[in-house]
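Trainee: sequence and predicted model, in that order:
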Amino acid sequence: MRILITSPVFPPDLGGPAVYVPSAARFFVERGHEVKVLAFCSERDVSGYPFEVRTISRGNLLVRYLKAMWLVFREARNYDVVYVQEHIALFHVLGAWFARRPVVIRIMVDGAWEISHRFGLIGDDDINVFETKDYGWKVKLIRKAQLFWWNRVKRIIACSDFLRWIPIKRYGITEQKCVRVHNAYNGPSVEDVTETQAEARAELGLESVESGRRYVLTICRLVVWKGVDYIMRALEHLPEDVHLLIAGDGEMQSEWERLRDELGLADRVTFLGNVPHARIPLYIRAADLFVLNSEYEGLSHTLLEVASLGTPIVCTGVCGNPEVVEDGVNGFLVPPKSPEPLAEAMGKVLGDAELAERFRDAGLEKMRGFTREATFPQVIDILAEAAGKSA
């Protein structure tokens, strides 16, 4: 089977699809399928993968998407099926539609909510509130546009149960058309990352374990719903030996750097920028605790990676997060936008080595259900069905 995959992001850039797409494409190739990836990426030339990667560099948003539509149209004619990663997917779906090729779309978000949130059309409403309300004509138009492209794909793959029910209940997509396939972790195992916490800190130039410094790590795009500002506010309630490392970049970085300085946390909060993927396991190993404080997650690849590498987790109990982290079992779940409960949960893990170890062990056990072998064969079957091929 010949598979064309489109993605809104690709390494070295950070983001869920940048983890998922290389992993899935490599798995498909290993199973004898031909794959090409078409992705938005900050790098013009990407190599080193067992499949071809064609990138579209950053620039004017409309120009990028029009170029993507043209490239999908041109390339799709040589492939059996187009596998689109949701992100303003209209242009990708139209390109494949004009080329008369079947499309399977994978959703990591209700795109209508993300677009409406980004353009300030729904105030501070999170995705749960958004799904229960009606808004003005602009939001209605965005929802109709999304339904338009969803109606023109063969199948919709949702990465969590939470997400699967949004197209079904809110948009009227049939249960048969929209299926849940969890994300898979495809990275080094806890045994493969051989550096101890002390060695990882030394390699990264961080304070030694003996110094008493404790590190909290968060990895995310710096967009408003990731809630990094509330992690900094929680840090105010924790001892001064607790330091926050923030890996990622995005539109909120400057504003959050100003907030850090206003809170008097310049010596306790470090913005690392866009950390190369190869270095991320070292930061996870160096940290005492990982925090994900987002208002929204489809099913976080970062949580899968952190749990698979044995670092305890505190995250918000929203959307797909509880499908990975069970409160009190392999981490703590807290409400979003709540620095005091977040600080309390962080303090419990940082102050109790036995609890942290229990969370690590339970997290490693939980990850047995999120492997490539458990999830990617399901995707191949769905793509083959859409293409009318044998998997």
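Mentor: Yep, that arrived.

Trainee: where along the protein do the strands fall?
Mentor: 2-7, 34-40, 52-56, 81-85, 103-107, 155-158, 178-180, 214-219, 242-247, 269-273, 289-292, 313-316, 332-334 (DSSP state E).

Trainee: buried residues in the third one?
Mentor: Buried positions in strand 52-56, judged by neighbour count with 16 or more other CB atoms under 10 Å: 53, 55-56. Using the backbone N, CA and C atoms, a C-beta is placed for each residue, glycine as well.

Trainee: what is the nearest of those residues to Glu373?
Mentor: Comparing the buried residues of strand 52-56 against Glu373 with CB to CB picks out Val53 as the nearest, at 24.1 Å.

Trainee: so what's the closest one bridging to?
Mentor: In this entry, Val53 is beta-bridged to Val37, by DSSP bridges.

Trainee: so for Gly227, which of the strands of the chain sits nearest?
Mentor: strand 313-316 (7.3 Å).

Trainee: list the helices and strands the closest one packs on?
Mentor: Secondary-structure packing of strand 313-316 (3 or more CB pairs under 8 Å, 6 or more residues apart in numbering; DSSP states H and E): strand 289-292, helix 301-308, strand 332-334, helix 339-350.

Trainee: a markdown table for these, including distance to Trp256?
Mentor: Shown next, in a markdown table, are the helices and strands packed on strand 313-316 (distance: least, CB to CB, whole Å):
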| stretch | distance to Trp256 |
| --- | --- |
| strand 289-292 | 14 |
| helix 301-308 | 18 |
| strand 332-334 | 19 |
| helix 339-350 | 14 |
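
Trainee: can you say which of these is nearest to Glu357?
Mentor: Nearest of the helices and strands packed on strand 313-316 (CB to CB): helix 339-350, 10.3 Å.

Trainee: pull the distance from the closest one to the chain's centre.
Mentor: 23 Å (CA atoms, centre = their mean, to the nearest Å).

Trainee: could you check the angle strand 214-219 makes with that helix?
Mentor: 120 degrees (axes from the mean of the first three to the mean of the last three CA atoms, to 10 degrees).

Trainee: other residues contacting helix 339-350?
Mentor: 214, 216, 230-231, 233-238, 242, 288-289, 291, 293, 312, 314, 332, 334-335, 355-356, 359 (CB atoms under 8 Å, 6 or more residues apart in numbering).

Trainee: try 7 Å
Mentor: 214, 216, 230-231, 233-234, 237-238, 242, 288-289, 291, 293, 312, 314, 332, 334-335, 355-356, 359 (CB atoms under 7 Å, 6 or more residues apart in numbering).

Trainee: among those residues, which ones are buried?
Mentor: 214, 216, 230-231, 233-234, 238, 242, 288-289, 291, 293, 312, 314, 332, 334, 356, 359.

Trainee: next, the buried residues of stretch 18-36.
Mentor: So stretch 18-36, judged by 16+ other CB under 10 Å, has buried residues 18-28, 33, 35-36.

Trainee: and these as JSON lines, adding pLDDT?
Mentor: Below are the buried residues of stretch 18-36 laid out as JSON lines (pLDDT from 0 to 100):
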{"residue": "Ala18", "pLDDT": "85"}
{"residue": "Val19", "pLDDT": "83"}
{"residue": "Tyr20", "pLDDT": "89"}
{"residue": "Val21", "pLDDT": "93"}
{"residue": "Pro22", "pLDDT": "93"}
{"residue": "Ser23", "pLDDT": "91"}
{"residue": "Ala24", "pLDDT": "94"}
{"residue": "Ala25", "pLDDT": "96"}
{"residue": "Arg26", "pLDDT": "95"}
{"residue": "Phe27", "pLDDT": "95"}
{"residue": "Phe28", "pLDDT": "97"}
{"residue": "His33", "pLDDT": "97"}
{"residue": "Val35", "pLDDT": "97"}
{"residue": "Lys36", "pLDDT": "97"}
